[in-house]
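**Student:** heads up, no residue letters with this:
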């Protein structure tokens, strides 16, 4: 373990707490919205209820995925279990997309049937409750992400932030219907929600794919790593930087070039200094540094990967 304390501390337990809070809040919303839809019959309320049902399934899945991803590495999974979050994201996206299709079919049926909404104010009341609880949850998730950079919590936050907009739209639809707007506004709004669900599904699936396929970290973070490593006065060059994310864990590997005449002990000390410096900026990272003699051709097979060794 590095004896240099990191400036930023990662606490995975915060992600687990945020996920548990989402389960509690969405359960309250499902019960309230189901009661209102049963009495009022608004497809806009159904759209919001459907979204909450999706949220509940996702939140339970996220909780299990986060808990599993926090398991330490073992003999069969030496890189840990972090990619469980990526797998969960894939399932989440597929589930959201399927529910959006259901909402489209229900909306089209309402266009044909023109079923009127019978209870406006109950729907408006439950939507206000949903907005308040969603704001509380998003605040919890924002706080959690400052301590635990979880893909599952990040995806949940994006979804619940969108819920605030959706619930506000439902209020607008119910008010419009109350004041005499045509009935088709209700299913039309639900169709719009279905489109938003499809957009959300793709965003979540994309992030899951990026994690499973070991997508590199953003250029801003990669450049920061190179800058930190190159700051050491004994480092002549830095190359072959590779990064990836698995759950909340980052994996960083790169080569540094030092004076070829240095003793092994000194070269190792330089490598450790660089590692500590990078670790202070990325405390949730496992860092591996290879030391090369400066000015001597690199012949390792890993240097043959096109676009990586430069």
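**Tutor:** That came through fine. Small disclaimer: the values here were computed from a predicted structure and weren't measured.

**Student:** And the helices in the stretch 51-200 of the chain?
**Tutor:** Applying DSSP state H, counting those that start in this stretch to the stretch 51-200 of the chain gives helices spanning 84-113, 121-147, 151-178, 185-212.

**Student:** Would you mind giving those helices as JSON lines with mean neighbour count and distance to residue 260 added?
**Tutor:** Using the backbone N, CA and C atoms, a C-beta is placed for each residue, glycine as well. Output for the helices of the stretch 51-200 of the chain, formatted as JSON lines (neighbours: other CB atoms under 10 Å; distance: least, CB to CB, whole Å):
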{"stretch": "helix 84-113", "mean neighbour count": "18", "distance to residue 260": "41"}
{"stretch": "helix 121-147", "mean neighbour count": "18", "distance to residue 260": "43"}
{"stretch": "helix 151-178", "mean neighbour count": "21", "distance to residue 260": "42"}
{"stretch": "helix 185-212", "mean neighbour count": "20", "distance to residue 260": "38"}
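
**Student:** so which of those helices comes closest to residue 37?
**Tutor:** Across the helices of the stretch 51-200 of the chain, the minimum distance to residue 37, taken as CB to CB, is reached by helix 121-147, at 8.0 Å.

**Student:** and residue 250, that's in a strand?
**Tutor:** Yes. The secondary structure assignment for residue 250 places it in a strand, going by DSSP: H, G, I helix; E, B strand; the rest coil.

**Student:** sorry, back to before: want to throw the helices of the stretch 51-200 of the chain into TSV with distance to residue 244?
**Tutor:** TSV is the format used below for those (distance: least, CB to CB, whole Å):
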stretch	distance to residue 244
helix 84-113	11
helix 121-147	19
helix 151-178	13
helix 185-212	8
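
**Student:** and residue 18, which of those is closest to it?
**Tutor:** helix 121-147 (3.7 Å).

**Student:** Which strands and helices lie in contact with that closest one?
**Tutor:** Of the remaining helices and strands, those touching helix 121-147 by 3 or more CB pairs under 8 Å, 6 or more residues apart in numbering; DSSP states H and E are helix 13-40, helix 43-69, helix 151-178.

**Student:** same question for it, mean pLDDT?
**Tutor:** Here the mean pLDDT over helix 121-147 is 86, rounded to a whole number.

**Student:** Same question for stretch 213-228.
**Tutor:** Model confidence over stretch 213-228 averages 91 on the pLDDT scale.

**Student:** list the buried ones in it?
**Tutor:** Residues of stretch 213-228 classed as buried under the neighbour-count rule (16 or more other CB atoms under 10 Å) are 217, 221-222, 225, 228.

**Student:** do stretch 245-262 as well
**Tutor:** By neighbour count with 16+ other CB under 10 Å, stretch 245-262 contains the buried residues 245-252, 254-258, 262.

**Student:** how about the strands of the stretch 201-310 of the chain, start to end?
**Tutor:** Counting by DSSP state E, counting those that start in this stretch, the stretch 201-310 of the chain forms strands over residues 237-246, 249-258, 285-293, given from the N-terminal end onward.

**Student:** elements contacting the shortest one?
**Tutor:** Right, the one you point to is strand 285-293. In terms of contacts (3+ CB pairs under 8 Å, 6+ apart), strand 285-293 is packed against strand 249-258, helix 264-281.
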